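Enquirer: just need the structure, nothing else, for what follows:
(chains A and B)
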2 protein chains.
Amino acid sequence: MNDFTSPQTFPVKHIAESTVRRLSLYLRFLEEFEAKGHETISSGELAAFGGTTSAQVRKDLSFFGSFGKRGLGYSVKDLTAAIREILGLEHPWSVIIVGAGKIGAALAQYRGFSSRGFTVVGVYDKEPARVGLKLDGLVVRPESELERDIHRLKPQIAVITVPAEAAQALVDRVTAAGIKAVLNFAPAPLTVPDGVTLRAVNMATELEILAFTLTNGTTV
Amino acid sequence: MNDFTSPQTFPVKHIAESTVRRLSLYLRFLEEFEAKGHETISSGELAAFGGTTSAQVRKDLSFFGSFGKRGLGYSVKDLTAAIREILGLEHPWSVIIVGAGKIGAALAQYRGFSSRGFTVVGVYDKEPARVGLKLDGLVVRPESELERDIHRLKPQIAVITVPAEAAQALVDRVTAAGIKAVLNFAPAPLTVPDGVTLRAVNMATELEILAFTLTNGTTV
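Expert: Got it, this is the predicted structure:
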């Protein structure tokens, strides 16, 4: 059995995004279970929560070693700790948000981030009217300070919430300054240097996919 | 060659989500091109904009019939109109937002929706402190009015931005009232009846996937 305290020994190579997504979901429910005082959880219970099967749960967890004992279920405490380690959530992550429009401002104040260990350490905008605005405890700073702040605060993740036409130039700047992970909300395809992970959330596209399915009576 | 004015004759069966996603992106650039007064566009130009290849562009468009002439490129105007028809954007869609917290309020005021033809016709919350708040032109209404408003306003799409534990009950209510397309921002897996399309955006999970890749030096 692997040692829960040594995640770096897990043979993590290429894990499917869908697996990471389910681990994130299992963790959410494990934390709820722990808060309610439950000590064990079965793969069946996790599967029901995650909208999947017991076999899938066991397969997902087997990527990282062997957890739990047949018939006794998983220790909620140990499995929570193990998944947090696997996902890299044992220490907090710091995040900057580039663009303080409606979406950027909402994300800066979104409790769903801080409750998962992601701390927003800076919010930036180029509009003088937005610089200096207070968003909960944060003050919007000028975009011109981006590089200096990245060197000083060492955030690991940049969230891009500027208009499409401004997005690539800002991603170029934050990655040149050392950012290795980017979450893009701008409705534009971006490129990043090798060694940088880019993910995108395009909310208008999600609505357009729904419009497509409603129009064509099909599924995607 | 298919008739651009008769999209309903296109043999649309199962189209990959990635294709619909690229069509949405091509449309964004075609509209920019049209605004700048360009009359034709090549598959190479569309490919460069969309971060893909000319061959992929031609394949994506071939699903729906034959567009453009070899060597002359595509007519920007005709292709724009054809993709808008394919995606079902020739008429406006009406959307309700259930949950007027930070994310719900930001989406209600997000210009990226209205500029793509999605009109928010109602925003709902169960908190008395939020009911009555003005978000641009919209006034937050009580959740208890959901069914009545769906029957009256006939929105086609519901965006769910309530806390995880409240989400399933609200999705059950809006689908029972006739909604056939749901975009879920709540960090919970939801189930919908047959015939309803559900899509999910989980922003904390996106950050967790980035944390995983940063921690494990891997990609997903």
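
Enquirer: what's the single longest helix in chain A?
Expert: helix A:17-35 (DSSP state H).

Enquirer: say whether chain B is contacted by that helix.
Expert: Yes - using CB under 8 Å from any CB of the partner chain, helix A:17-35 comes into contact with chain B via A:17, A:20-21, A:24-25, A:28. For the C-beta atoms, the positions are set from N, CA and C on the backbone; glycine is no exception.

Enquirer: which of those residues are buried, as a PyMOL select command?
Expert: Selection of buried members from the residues of helix A:17-35 next to chain B for PyMOL, criterion 16 or more other CB atoms under 10 Å in any protein chain shown:
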select buried, chain A and resi 20+21+24+25+28
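
Enquirer: save the residues of helix A:17-35 next to chain B as a markdown table, and put in distance to B:Leu214 too.
Expert: Compiled in a markdown table, these are given as follows (distance: CB to CB, whole Å):
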| residue | distance to B:Leu214 |
| --- | --- |
| A:Glu17 | 15 |
| A:Val20 | 12 |
| A:Arg21 | 16 |
| A:Ser24 | 14 |
| A:Leu25 | 20 |
| A:Arg28 | 20 |
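
Enquirer: hmm, which two among the residues of helix A:17-35 next to chain B are most spread apart?
Expert: A:Glu17 and A:Arg28 (17.0 Å; CB to CB).

Enquirer: so for the lowest-mean-pLDDT helix or strand in chain A, what gets flagged as buried?
Expert: Here the helix or strand of chain A ranked lowest by mean pLDDT, DSSP states H and E is helix A:111-114, holding a mean of 81. For helix A:111-114, the buried set under the neighbour-count rule, 16+ other CB under 10 Å, comprises A:112-113.

Enquirer: do stretch A:169-181 as well
Expert: Within stretch A:169-181, the residues scored as buried using 16+ other CB under 10 Å are A:170-171, A:173-175, A:179-181.

Enquirer: and chain B, is stretch A:172-179 touching that?
Expert: No - using CB under 8 Å from any CB, stretch A:172-179 never reaches chain B; the gap is at least 10.4 Å.

Enquirer: roughly how far out does that stretch sit from the chain middle?
Expert: 19 Å (CA atoms, centre = their mean, to the nearest Å).

Enquirer: now do the strands in chain A.
Expert: For chain A, the strands defined by DSSP state E cover A:40-41, A:74-75, A:93-98, A:118-125, A:134-135, A:138-139, A:141-142, A:157-160, A:181-184, A:197-200.

Enquirer: low-confidence ranges, chain A, go.
Expert: A:1-14, A:64-71, A:218-220 (pLDDT under 70).

Enquirer: domain assignment for it?
Expert: Listed domain ranges for chain A are A:7-87, A:93-206 (source: automatic domain parsing).

Enquirer: nearest to B:Pro189, out of those?
Expert: Distance to B:Pro189, taken as CB to CB, is lowest for domain A:7-87 among the domains of chain A, at 4.1 Å.

Enquirer: return the distance of the closest one from the chain's centre.
Expert: That offset, for domain A:7-87, works out to 17 Å (CA atoms, centre = their mean).

Enquirer: with stretch A:95-104 instead?
Expert: 15 Å.

Enquirer: number of residues surrounding A:Val159?
Expert: 29 (other CB atoms under 10 Å in any protein chain shown).

Enquirer: partners of it in the sheet?
Expert: Bridge pairing for A:Val159 (DSSP bridges) gives the partners A:Ile97, A:Leu183.

Enquirer: show me the contacts for it.
Expert: Residues near A:Val159 by CB atoms under 8 Å, 6 or more residues apart in numbering or on different chains: A:95-98, A:104, A:107, A:182-183, A:185.

Enquirer: distance to B:Met203 added to those residues, as CSV?
Expert: Formatted as CSV, the contacts of A:Val159 follow (distance: CB to CB, whole Å):
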residue, distance to B:Met203
A:Val95, 11
A:Ile96, 15
A:Ile97, 12
A:Val98, 15
A:Gly104, 12
A:Leu107, 7
A:Val182, 14
A:Leu183, 8
A:Phe185, 9
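
Enquirer: out of those, the closest to chain B would be?
Expert: Among those, A:Leu183 lies closest to chain B (CB to the nearest CB), at 5.4 Å.

Enquirer: thought the closest one was touching B:Glu208?
Expert: No - here A:Leu183 does not reach B:Glu208: they are 10.8 Å apart, not a contact under CB atoms under 8 Å.

Enquirer: more neighbours: which of those two?
Expert: B:Glu208 (25 against 22).

Enquirer: surely A:Tyr74 touches A:Glu39?
Expert: No - with contact defined as CB under 8 Å, A:Tyr74 does not count as touching A:Glu39 (9.9 Å).
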